[in-house]
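Participant: Requesting a structural model of the entry that follows:
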Amino acid sequence: MNSHWLRGYGDPPPETVIVVGMSRDFAQSAFESCQIAGHVSNRFGIKNSAIHNIDIFVCHSLRQPWPLFWQEFQYYG
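Facilitator: Predicted structure coming up:
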């Protein structure tokens, strides 16, 4: 899971990105346009320690070139 970024972002780069588990501030700073599409939940009420932000965003137009973003986004949360 923590090495999923090794697969890259594809060619051509994505135009639309679904952002899960990241803050609204991150989404809005990384993309020109983001709309909230839903929230992470489960019907059993089990808390997921890996998800700190429950919002799901649909975002467009990355603010920086994909190669630069991808290099900086290699993080282990």
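Participant: For the rest of this, base every contact and every neighbour count on C-alpha atoms.
Facilitator: OK.
Participant: mind listing the helices in the chain by residue range?
Facilitator: Along the chain, counting by DSSP state H, helices occupy 24-30, 66-72.
Participant: residue ranges with poor pLDDT in the chain?
Facilitator: Scanning the chain for pLDDT under 70 picks out the ranges 1-2, 50-51, 75-77.
Participant: any idea which residue sits dead centre in this protein?
Facilitator: By CA atoms, centre = their mean, the mean C-alpha position of the chain lies nearest to Val19, the distance being 3.0 Å.
Participant: With adjacent residues omitted, what lies nearest to that residue?
Facilitator: The spatial neighbour of Val19 that comes closest, neighbours along the chain excluded (CA to CA, 6 or more residues apart in numbering), is Phe57 at 5.0 Å.
Participant: Around that neighbour, how many other residues sit close by?
Facilitator: 23 (other CA atoms under 10 Å).
Participant: Which positions are bridged to it in the beta structure?
Facilitator: Val19, Ile36 (DSSP bridges).
Participant: for it, what are its contacts?
Facilitator: Ile18, Val19, Val20, Ala27, Cys34, Gln35, Ile36, Ala37, Gly38 (CA atoms under 8 Å, 6 or more residues apart in numbering).
Participant: Run a quick check on the last one versus Asn53, I expect a contact.
Facilitator: No - taking CA atoms under 8 Å as the contact criterion, Gly38 and Asn53 are not neighbours in contact, 11.5 Å apart.
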